[in-house]
Structure formats: C-alpha cells, structure tokens
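*Asks:* next comes the sequence, and after it the predicted model I'd like to discuss.
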Amino acid sequence: MTHVGVLGATGAVGQRLIQLLDPHPEFEIACLTASDDSAGRSYRDAAKWRIETPIPDDVADLEVRETDPDAIPDDIDLLFSSLPSSVGERVEPDLCEAGYVVSSNSSNARMADDVPLTIPELNHDHLDLLEVQRDERGWDGALVKNPNCSTITAVPTLAALDTFGLETAHVATLQAVSGGGYSGVTSMEIIDNVLPHIGGEEEKIETESRKLLGNFDGAELDHHDADVAASCNRVPTLDGHLENVWAETSEAITAEDAATAMREAPSLDLHSSPDQFIEVFEEPDRPQPRLDRMVGDGMGVAAGGLRETSNGVQYNCLAHNTLRGAAGASVLNGELLVEQGWV
C-alpha cells in the first residue's frame with residue numbers, strides 16, 4: 001500500500017482528491033495539509049465538506065498539518081497537490097528537494113522545460129523528463145503536473161486527430177462554475193448570464209496543448225507546432241466543461257475518420273483509467289454536461305456533433321472538470337508514477 005498525502009486538502013479539488021483516494025485499493029491517505037488557520041484541527045472541523053458523498057470516517061479525524069516539508073511524515077510515498085498556484089510555486093520545490101514525489105494539479109510550473117505535463121493515455125513517456133529534472137535540480141523527489149481542466153477536455157481528441165497531421169485547432173469553451181472553485185463566481189454574476197472571459201484560461205489551452213502533444217527525445221521536449229487558439233466562457237452549469245473545436249489537418253479527413261480515430265484512442269490499465277477513453281456520440285445534440293459528464297465514471301472524454309469543414313472537422317467535446325480535469329487527473333498521474341517505478 002502506498003502512503004499518500006493531500007496538500008490543500010480543505011479546498012474544492014482537495015476534497016475531490018480525498019473522495020477518490022479514500023476507497024482507492026493502492027493508496028492510503030496518511031497526511032493532510034492546509035493553511036495555517038486549519039493546521040492542528042481535525043479534518044472534520046477544518047474542512048467545510050461540500051462533496052455529495054459523506055466525508056470518510058477514517059479521514060475525518062486526521063489532524064491537518066502545515067503545508068511544510070518539516071510537517072510531513074517521512075513515510076509518505078506520494079503527495080497530491082491541490083494548492084493555489086502562488087503557494088505551490090513556493091512549497092512544491094521545497095517538498096521535491098526534501099525527497100517527496102508530488103503529483104500536482106496546481107498551475108505553477110506546468111510549462112517548465114523539465115516538468116512533465118502528463119495525460120497518461122497520451123504521453124506517459126514524458127515522465128522520463130524526471131531524469132532530466134532530477135539531474136538539473138538535484139532533487140531526490142520529483143514534480144509532475146496535470147494540465148488545466150479546459151486543456152484536458154480538448155487535447156485527447158486533438159491527439160486522435162494528429163494521425164492526420166494536426167495543423168490548427170480553434171477552441172471555444174463553455175466552462176462550468178465549479179472550475180472557479182466555491183468562491184470563484186458569485187450567483188449574481190453567473191445566473192442568467194455567460195461570462196465571456198476567464199483570466200489566463202486561453203493562454204493555458206494554447207500553450208499546454210502544444211506541450212502535451214509534443215515529442216520527448218530523451219533529452220528535451222519539442223512542443224507540437226500546431227497553431228492553437230482559444231476563447232473561454234463561464235456558463236451556469238455546475239460540472240462539466242463543454243467545448244466547441246474546429247481542427248484543420250494536413251491530410252484529408254472525414255467526420256467518420258475522426259470518429260474512428262477518437263474511438264480507437266487507447267486507454268490504460270490503471271485503476272482510474274476509463275474503459276473507453278473517448279466516447280463518441282452519433283446524436284448531433286450530444287455530449288451535454290448534465291447527461292454525459294460522468295462517462296467513464298467521470299474519467300472519460302465525450303465527443304460528438306462531428307462534421308466536415310473545408311480543411312478538417314468541427315465537433316464538440318466534454319469532460320468532468322473536477323474529476324478528469326483536476327483531482328482524477330492527479331490520481332491517474334500518481335498511479336502512473338507508481339506503475340513506472342518513480343514512487
């Protein structure tokens with residue numbers, strides 16, 4: 001059994017991590033950290049639990065620790081980070097230097113040259129960047145990132161289309177309010193409304209996509225040369241990011257070609273992997289957040305509305321933003337780290 005800890009355990013993604021990790025057959029939660037205000041209290045008292053399933057009894061009584069290397073037990077094998085990026089930027093390198101392996105959902109360092117940005121089904125070979133990371137930074141530990149929740153929705157489908165030579169991708173997102181956290185968007189802002197800008201989201205999609213689709217040659221990572229552009233919108237759905245994608249390829253492609261490539265995108269034999277990585281709907285009005293965000297127990301990607309354009313295809317895709325797009329992505333990366341022997 002791998003002993004794990006959750007950094008930023010009282011927040012929205014931290015609570016999702018606990019929900020996923022508590023029943024996990026390979027992981028045992030042995031450490032929780034949060035802000036100084038929560039440290040020293042039981043998790044039950046420190047966390048305002050908002051997940052639809054009850055707070056796990058064996059976690060509720062754990063004492064919350066400070067988010068500091070000196071406060072974390074030596075027998076922790078793997079840390080899952082849901083820290084705010086400003087905190088992660090400061091704390092995560094110290095933890096890695098102290099010898100801890102960190103699977104992080106925080107946005108800091110995602111684009112660092114020696115930090116793997118990983119979707120296990122797509123680019124598990126990018127974990128070999130950890131050899132470069134350890135050599136360059138002198139760490140005994142390691143830092144791995146999963147991408148932004150909006151990026152992780154579109155990129156699996158784009159990777160499937162890259163068989164035909166992906167050249168451009170234009171993405172318009174319809175992002176659920178849970179992506180902004182519990183205090184991210186007020187009811188007065190979002191009810192009867194759409195917010196046509198989410199700070200930093202466009203840049204994350206445009207840069208992270210090219211890194212995820214890039215090739216690692218054993219020494220450095222070459223980013224994909226596709227032109228990616230994004231427009232991001234916050235909409236009044238609770239969970240599930242729906243995205244409209246226009247993709248152009250160097251080779252001729254039909255809607256049927258695209259559907260087949262997506263359906264054949266391989267999954268992995270990890271505990272949290274969905275049986276079907278990308279589920280393609282024939283119905284023109286699917287996928288929909290309320291109906292389809294839980295495909296693959298919330299770890300799959302849904303696509304539909306495929307149609308041909310002059311130079312490629314247009315379609316819609318959807319993923320559960322706090323499961324596949326955040327906590328579940330970190331857990332899946334953790335499973336990959338264990339499988340490949342980094343933990």
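*Replies:* All right, it came through fine.

*Asks:* wait, isn't Glu26 in contact with His3?
*Replies:* No - applying C-beta atoms under 8 Å, one finds Glu26 not in contact with His3, separated by 10.8 Å. In this view, the C-beta of every residue, glycine as well, is placed from N, C-alpha and C.

*Asks:* quick check: mean pLDDT across stretch 55-68?
*Replies:* Stretch 55-68 shows a mean pLDDT of 96 in the predicted model.

*Asks:* counting neighbours, which bits of that stretch end up buried?
*Replies:* Neighbour-count burial for stretch 55-68 flags 55-56, 59, 62, 64-67 (criterion: 16 or more other C-beta atoms under 10 Å).

*Asks:* wait, which of the residues you listed is closest to Pro236?
*Replies:* Using C-beta to C-beta, Ile55 comes nearest to Pro236 of these, at 27.3 Å.

*Asks:* grab the nearest non-local neighbour of the closest one.
*Replies:* Among residues not flanking Ile55 along the chain, Trp49 sits closest, at 4.6 Å (C-beta to C-beta, 6 or more residues apart in numbering).

*Asks:* so that neighbour sits in a helix?
*Replies:* No - according to DSSP: H, G, I helix; E, B strand; the rest coil, Trp49 belongs to no helix; its state is coil.

*Asks:* now it: how far from Gln15?
*Replies:* 6 Å (C-beta to C-beta, to the nearest Å).

*Asks:* looking at these two, which one has more neighbours?
*Replies:* Neighbour tally, Trp49 and Gln15, criterion other C-beta atoms under 10 Å: the higher count belongs to Gln15, 25 against 15.

*Asks:* in a helix, the more buried one, correct?
*Replies:* Yes - under three-state DSSP, Gln15 falls within a helix.

*Asks:* can you give me the neighbour number for the nearest residue to it once chain neighbours are set aside?
*Replies:* Distances taken as C-beta to C-beta, 6+ apart place Ile51 nearest to Gln15, at 5.1 Å, with adjacent residues excluded. The burial count assigned to Ile51 is 14, neighbours taken as other C-beta under 10 Å.

*Asks:* how far away is Ile51 from Asp192?
*Replies:* Going from Ile51 to Asp192 by C-beta to C-beta gives 27 Å.

*Asks:* so how far is His320 from Asp297?
*Replies:* Per C-beta to C-beta, Asp297 is found 9 Å from His320.

*Asks:* of those two, give the one with the bigger neighbour count.
*Replies:* His320 (30 against 14).

*Asks:* let me see the contact set for that one.
*Replies:* Going by C-beta atoms under 8 Å, 6 or more residues apart in numbering, His320 touches 239-240, 293-294, 298-299, 328.

*Asks:* can we see that at 10 Å?
*Replies:* By C-beta atoms under 10 Å, 6 or more residues apart in numbering, His320 lies in contact with 16, 149, 153, 176, 178, 239-241, 289, 292-302, 326-328.

*Asks:* with Val91 instead?
*Replies:* So Val91 contacts 7-8, 33, 66-69, 81, 83, 102, 106, 108 (C-beta under 10 Å, 6+ apart).

*Asks:* all set now, cheers.
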